[in-house]
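Student: Below is the sequence, then the predicted model.
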Amino acid sequence: DALRELVEARGRGCDELVVMRGEPTLRRELPALAAAARKLGYRHVQLQTNGRMLCYAPYLDGLLAAGVNFFEVSLFGPSAAVHDAIAREDGAFAQTRDGLANLVARGAAHLVTIPVLARNLEHLEETVALVADLGLSAVQLNFTRPVRLMGVVRVEGLATLTEAGPKIRAAMGRARARGLATSSEAVPLCHLDPADRPGAERPEFFVDVRVVDLHRRHASFAAHQRENRPRAPACSACDLVDRCPVTWAAYQEVHGHGELTPIRERRADAGSSAP
């Protein structure tokens, strides 16, 4: 029972809720759940969504009134040709774009996430440009996780770090040039430009995260993250290992560790100036 979990977590001091998995806006209970969370004292109620339902202004206004105060919206590409092909539904792009425009019109806090896939690699820069053109303020590029089905890791449609790295760096550079706040998920620091490394997720972000899902629970997501993002052998020689998100275990299982390169930062000797 979601409400019981909210009450128990609030009693332990939790004051942030992220509603995710599947598509939450298809659940009629969503506004009531958000309202209950805010009444219990949750200060941050975040929704992860494809953004399509947000194109309906009355629906979005209802979520805002209920207490949802942060929206994380997935965007696959800069056009219907790219986005709809990945979403596998005609009209998805137009709805997501209009939903994002509605968020801007209401001044709602947001983050646009761009899943990095083989089919949109050549369009990442255009996609972040669209985010800026719409008046949005923050974008995150996410290196997509391989999925294990029937004991087999499926990588169809996914890019490798070698393929994706240059495109991610170019897109994040363009995003910064357009004034967007930039971040990344599951992109090792060795595949990011130094200017973008501060925006990478860090292991400590997950220490106080509790996950309640249909098929699993994690009192602290940190241990789960360490299992799903193991350090490669080469990482032990990296000066930034303690703050690197590394990347997915399933990815390393398929592609090995050869794409992960230790970063050696020059360290100033005592009495010398910093580099």
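Tutor: In hand now; what should we look at?

Student: Give me the number of neighbouring residues for the closest residue to L33 other than its chain neighbours.
Tutor: Closest residue to L33 apart from its sequence neighbours, by Cβ to Cβ, 6 or more residues apart in numbering: A2 at 6.0 Å. C-beta here means a position set from N, CA and C on the backbone, and glycine is covered the same way. Neighbour count of A2, defined by other Cβ atoms under 10 Å: 15.

Student: Ok, L180 next?
Tutor: 20.

Student: what helix or strand is the residue nearest to it when sequence neighbours are not counted on?
Tutor: Once flanking residues are discounted, L180 sits nearest to V139: 5.1 Å by Cβ to Cβ, 6+ apart. Counting by DSSP states H and E, the element that carries V139 is strand 138-143.

Student: just V131 next, same as before
Tutor: Using DSSP H and E, V131 falls in helix 124-133.

Student: For that helix, output the C-alpha coordinates as PDB.
Tutor: Written as PDB, here are the backbone C-alpha positions of helix 124-133 (Å, rounded to 0.1, in the frame of the first residue of the first chain):
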ATOM      1  CA  LEU A 124      21.600  14.700 -29.400                       C
ATOM      2  CA  GLU A 125      22.900  18.200 -30.100                       C
ATOM      3  CA  GLU A 126      19.600  19.100 -31.900                       C
ATOM      4  CA  THR A 127      17.700  17.700 -29.000                       C
ATOM      5  CA  VAL A 128      19.400  19.900 -26.400                       C
ATOM      6  CA  ALA A 129      18.900  22.800 -28.700                       C
ATOM      7  CA  LEU A 130      15.200  22.100 -28.700                       C
ATOM      8  CA  VAL A 131      15.200  22.000 -24.900                       C
ATOM      9  CA  ALA A 132      16.700  25.500 -24.900                       C
ATOM     10  CA  ASP A 133      14.400  26.800 -27.600                       C
END
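
Student: Pull out the buried positions in it.
Tutor: By neighbour count with 16 or more other Cβ atoms under 10 Å, helix 124-133 contains the buried residues L124, E125, E126, T127, V128, A129, L130, V131, A132.

Student: Return the member of those residues nearest to V155.
Tutor: Nearest to V155, judged by Cβ to Cβ, of the buried residues of helix 124-133 is L124 at 19.0 Å.

Student: what about the closest one, distance to P31?
Tutor: Here L124 is placed at a distance of 34 Å from P31 (Cβ to Cβ, to the nearest Å).

Student: what about the strands in the stretch 151-275 of the chain?
Tutor: 152-154, 181-185, 211-212, 217-218 (DSSP state E, counting those that start in this stretch).
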